[in-house]
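Q: Build me a model from this:
(one chain, ligands or ions: 2)
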Amino acid sequence: MEILSPTPDVLDRAATALRSGGVVVIPTETVYGLACNALDADAVRRVFAIKGRPANNPLIVHVASEAQARQVTSAWPESATVLAARFWPGPLTMVLPRAAVVPDVTAADLDTVAVRMPAHPVALELIRRAGVPLAAPSANPFMRLSPTRAEDVDPSIVSQVTMVLDGGPCDVGLESTVVDLSGTAPMVLRPGGIPRAALEAALVGPWITERTETVTRSPGMHPRHYAPRATIRLVASTPPGAAGLVFSAPANPQQIRMPSEPQAYGAMLYAALRRLDLLGVAEIFVVTPPSGDAWEAVHDRLRRASTALDAP
Ligand code: AMP
Ligand code: MG
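A: Ligands and ions are numbered 1, 2, ... in the order given. Predicted coordinates for the structure are as follows:
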């Protein structure tokens, strides 16, 4: 299997593979995705199998235009028009009523579908050339760190796909923000690349914030996710001899200095955890980042990375 530069020729080959049921690893601005035709149930089943992802965990359908998003949804509220105009292409996923053309397996049998227009030019161009929307969960084995560089895609995944398209390091580096627009009021189901405050500024009105509802409305959201092999410990300060992510000068070569700005921190978080994981350390001490809305997605991923495997 090959990691390829996305020349026009290679994009055409990838598009042909996708149209005929193949699976391709693609760059997006959030993380690398394991992509297939979202409307092809067999191809989608292969993506679940390659990742080892439970069938109750629905996939995000990636589109290249609002018109294509409307084709996979059966209703398009004004709120979707507003958020798409403001945040697409970009790391915002919207959950909307599902059109019949989307197979059950893609949406894990829900009557809704999650849809997003990615901002990466390679992803957009590939969707256009393929002519079909792409289901693309992160290109990692279930519960592991999502790859944010082509070379970070796990060999077990690389060996099972038609090709890996190298689009460089992901700008955002964390998964998309998922917003449910299928209920009586909008609700953030998963924090991500777009901060909550930006959403609330774009879409004025009541937002649902109760966590209990989030859990029932977002099946497949596992408390442990995005995790390295090492145990993550969130701390006020890292022991000098330990491996970790710090904000000040590293005390040893196994410490990585992280940016103090949330977007830059998020962009390098997975690659930094992966680097320490590859050293084979048993524990990674992470200096707790500041609180506040802009850090919500980083806190969410760190919390899930630090949750024990046997958590409920
Ligand atoms: P990812 O693992 O980054 O591919 O993100 C997929 C996540 O989006 C799932 O784990 C769900 O939590 C959420 N999601 C996808 N489709 C739906 C849906 N129809 N309703 C609610 N949440 C969804
Ligand atoms: Mg994922």
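Q: Name the residues of stretch 117-134 that are buried.
A: 117-120, 122-127, 129-130, 132-134 (16 or more other C-beta atoms under 10 Å). Bear in mind the C-beta positions are built from the backbone N, C-alpha and C, glycine included.
Q: what separates it from the chain centre, distance-wise?
A: From the chain centre to the centre of stretch 117-134 is a distance of 16 Å (C-alpha atoms, centre = their mean, to the nearest Å).
Q: does that stretch come close to ligand 1?
A: No. Residues of stretch 117-134 are not located near ligand 1 by C-beta under 6 Å from any ligand atom, the shortest gap being 11.6 Å.
Q: Let the chain start at 141 from now.
A: Let's use 141 as the start, then, which means that last one is stretch 257-274.
Q: what about the closest residue in space to P368 that isn't next to it in sequence, how many neighbours?
A: Nearest residue to P368 in three dimensions, chain neighbours excluded: D417, at 4.1 Å (C-beta to C-beta, 6 or more residues apart in numbering). Using other C-beta atoms under 10 Å, D417 has 17 other residues around it.
Q: my hunch is that D417 is in a helix, does that hold up?
A: Yes. Under DSSP: H, G, I helix; E, B strand; the rest coil, D417 sits within a helix.
Q: what's near enough to touch it?
A: By C-beta atoms under 8 Å, 6 or more residues apart in numbering, D417 lies in contact with L285, P368, R369, A370, I424.
Q: a markdown table for these, including neighbour count, distance to ligand 1 and secondary structure?
A: Listed next are the contacts of D417 as a markdown table, based on neighbours: other C-beta atoms under 10 Å; distance: C-beta to the nearest ligand atom, whole Å; DSSP: H, G, I helix; E, B strand; the rest coil:
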| residue | neighbour count | distance to ligand 1 | secondary structure |
| --- | --- | --- | --- |
| L285 | 24 | 12 | coil |
| P368 | 20 | 17 | coil |
| R369 | 15 | 19 | coil |
| A370 | 19 | 22 | coil |
| I424 | 27 | 22 | strand |
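Q: between those residues, which is nearest A382?
A: I424 (8.2 Å; C-beta to C-beta).
Q: so where's the chain shaky on pLDDT?
A: Scanning the chain for pLDDT under 70 picks out 141, 351-366, 448-452.
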